[in-house]
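Student: Got a sequence here, can you build the structure:
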Amino acid sequence: MKELLRSNDPTVIAFSKALLSGEDICVFEMDVHMSVLEGSVGILPRRLMVREQDLFIARAILRDNDIQLDG
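Tutor: Next up is the predicted model:
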C-alpha cells in the first residue's frame, strides 16, 4: 500500500474515497480513530492508501478533480 493523500479535512477524504471507489480502486483509510487520542480537535491528518499498481491512476483522478496532493 502506498500513501495517496493526507488531510485533516473530512470532506476531502470522503470525496476522494467516493471518486476512487467509483473507478473500482480499492482505498484504505488510516488514522480514522486518532480523534480519541487528540480529543476530537481534528489536528491529526487521516491518510488514504491505495495499492502500488493503482497509485498513478489514483493520483490522476484526484488531480483531475482539483484535489491537492502533497509532492
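Student: And Ser16, which helix or strand is it part of?
Tutor: Using DSSP states H and E, Ser16 sits within helix 10-22.
Student: Neighbouring strands - and their directions - for whatever helix or strand comes next after that helix?
Tutor: Per DSSP H and E, the first helix or strand lying C-terminal to helix 10-22 is strand 27-30. Strand 27-30 pairs in its sheet with strand 46-50 (antiparallel), by DSSP bridges.
Student: Touching the strand it pairs with from outside, list them.
Tutor: Outside strand 46-50, the residues within contact range by CB atoms under 8 Å, 6 or more residues apart in numbering are 1-8, 10, 13, 16-17, 20, 25-32, 34, 58. (Each C-beta comes from the backbone N, C-alpha and C, glycine too.)
Student: Could you rerun that using 10 Å?
Tutor: 1-10, 12-13, 16-17, 20, 25-35, 55-59, 62 (CB atoms under 10 Å, 6 or more residues apart in numbering).
Student: Please pick the buried ones from those residues.
Tutor: 4-5, 7, 12-13, 16-17, 20, 25, 27, 55, 58-59, 62 (16 or more other CB atoms under 10 Å).
Student: What is the neighbour count of Asp64?
Tutor: 9 (other CB atoms under 10 Å).
Student: That one contacts Leu20, correct?
Tutor: No: applying CB atoms under 10 Å, one finds Asp64 not in contact with Leu20, separated by 11.8 Å.
Student: Need the pLDDT of the residue nearest to the spatial centre of the chain.
Tutor: The centre of the chain sits closest to Leu48, judged by CA atoms, centre = their mean, with a distance of 3.1 Å. Looking at Leu48, its pLDDT stands at 96.
Student: and if you look at the one 10 residues further on?
Tutor: pLDDT recorded at Ala58 is 97.
Student: same question, Asp31
Tutor: Asp31 is assigned 86 on the pLDDT scale.
Student: how many neighbours does the residue lying closest to it once chain neighbours are set aside have?
Tutor: Closest residue in space to Asp31, ignoring its immediate chain neighbours: Arg46 at 4.8 Å, by CB to CB, 6 or more residues apart in numbering. Number of residues near Arg46 (other CB under 10 Å) recorded here: 20.
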